[in-house]
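Student: Structure for the following, please:
(one chain, ligands or ions: 1)
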Amino acid sequence: MTEAAAEKPQAVVKTVLVTGAAAGLGRAIALALAARQVQVGVCDIDEAGATRTATQCAEIASEGAAVIVADLATPDGPDKAVREALSQFGRLDGLVNNAGFATVEPFLEMTAEAWDRTYHVNIRAVALLCAAAGRAMAGNAAAADATAAGSSGQGGRIVNITSPAARMALPNYAHYAASKAAVDSITRTAAIALAPFGVTVNSMAPGMMDTVMQSKTEQMMAEVEGRNDLQAYLDERTARVPLGRRTDPDEMAKLVVWLLLDAPQYVTAERLNGSGGLDRD
Ligand SMILES: NC(=O)c1ccc[n+]([C@@H]2O[C@H](COP(=O)([O-])OP(=O)(O)OC[C@H]3O[C@@H](n4cnc5c(N)ncnc54)[C@H](O)[C@@H]3O)[C@@H](O)[C@H]2O)c1
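Tutor: Sure, this is the predicted structure:
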């Protein structure tokens, strides 16, 4: 590494919008960021859950946290969430696209409703949030350049939550798998679109975490596959992970925090796997 590269300033990330932060992985990410004194915009459709997370964040982070209630499946939900974060914090340095929807339907019985909901939450909202946050972060880079020559590369950081499912053939889970393949595509595209503004865009693929979403999904999968012994079914699924165990939201939150706060500014368009080797990247 040359001396110049070693001296390149890191992005300073003080305010981060985390979607789907009322529960599960989003909540763990919000708390891990608060522990690093980041002001978190706790965004969710579930106001009570978001308020609980924000209250816990505010107990750890001196600058507090904000509750941002939004249905990201609506056409203006993504813009509204970013506008609200900007009005609460004055600037936005980071975004985690974590909110997600999953359902299970046999391939021959798929419904338009399931496809629509999956598309609106997992794809359209992710793309529109990247764009809305990108516009806000482009302003950060311009302001940094105006005050300190050569400080470009400080626009902000975006992390999209993808899934090992993006790379798998899953006949009862086609909408979800396709939506996460779309997240991978959006990540690459947004990374190139936002690079001139000093905004990096990466993704993280978590392994199996026993969240509400995962438990419901696996119950539906077992039903559709005609498996009566749920525990035996879950054990088989766990045994398919090369590292031999499931993970949890706290372990996965560390990867997101690393991408947001600690990774070199030169990393963009990357997919970080926390899947225990499940999709054998
Ligand atoms: N749990 C796993 O094993 C697993 C594995 C791979 C990827 N993922 C991904 O991780 C992310 C988090 O999943 P999780 O397991 O923590 O799920 P979860 O169901 O526990 O949490 C998801 C959150 O998103 C919120 N949300 C859903 N629709 C929304 C909308 N329209 N507007 C605003 N908020 C909305 C929910 O209210 C909820 O709080 C998702 O993107 C999921 O696809 C999860």
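
Student: How about the stretch 51-200 of the chain: which residue is closest to the ligand?
Tutor: residue 100 (2.6 Å; Cβ to the nearest ligand atom). From N, CA and C alone the C-beta is placed, and that goes for glycine too.

Student: Name the helix or strand for that residue, please.
Tutor: Assessed by DSSP states H and E, residue 100 sits outside every helix and strand.

Student: Next, the contact list for the closest residue in space to residue 38 that isn't next to it in sequence, please.
Tutor: Nearest residue to residue 38 in three dimensions, chain neighbours excluded: residue 16, at 5.4 Å (Cβ to Cβ, 6 or more residues apart in numbering). Applying Cβ atoms under 8 Å, 6 or more residues apart in numbering, one finds that residue 16 lies in contact with 33, 38-41, 92-96, 260.

Student: how about a markdown table for those residues, with pLDDT added?
Tutor: Putting the contacts of residue 16 into a markdown table (pLDDT from 0 to 100) gives the following:
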| residue | pLDDT |
| --- | --- |
| 33 | 98 |
| 38 | 98 |
| 39 | 98 |
| 40 | 98 |
| 41 | 98 |
| 92 | 98 |
| 93 | 97 |
| 94 | 98 |
| 95 | 98 |
| 96 | 99 |
| 260 | 98 |
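
Student: which SS state does residue 159 fall under?
Tutor: Classification of residue 159 using DSSP: H, G, I helix; E, B strand; the rest coil returns strand.

Student: For it, name its beta-bridge partners.
Tutor: Per DSSP bridges, the residues bridged to residue 159 are residue 96, residue 202.

Student: Next secondary structure after the lowest-mean-pLDDT helix or strand in the chain?
Tutor: Sorted by mean pLDDT, DSSP states H and E, the helices and strands of the chain end with helix 3-7, the least confident at a mean of 52. Next in sequence after helix 3-7, counting helices and strands by DSSP H and E, comes strand 15-19.

Student: Now this protein against the ligand: closest residue?
Tutor: Per Cβ to the nearest ligand atom, residue 24 is where the chain lies closest to the ligand, at 2.2 Å.

Student: For that residue, give me its contacts.
Tutor: Residue 24 neighbours (Cβ under 8 Å, 6+ apart): 209, 211-213, 249.

Student: Same list (these) but as JSON lines, adding pLDDT, secondary structure and distance to the ligand.
Tutor: Listed next are those as JSON lines, based on pLDDT from 0 to 100; DSSP: H, G, I helix; E, B strand; the rest coil; distance: Cβ to the nearest ligand atom, whole Å:
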{"residue": "209", "pLDDT": "98", "secondary structure": "strand", "distance to the ligand": "4"}
{"residue": "211", "pLDDT": "98", "secondary structure": "coil", "distance to the ligand": "3"}
{"residue": "212", "pLDDT": "96", "secondary structure": "helix", "distance to the ligand": "4"}
{"residue": "213", "pLDDT": "96", "secondary structure": "helix", "distance to the ligand": "3"}
{"residue": "249", "pLDDT": "98", "secondary structure": "helix", "distance to the ligand": "6"}
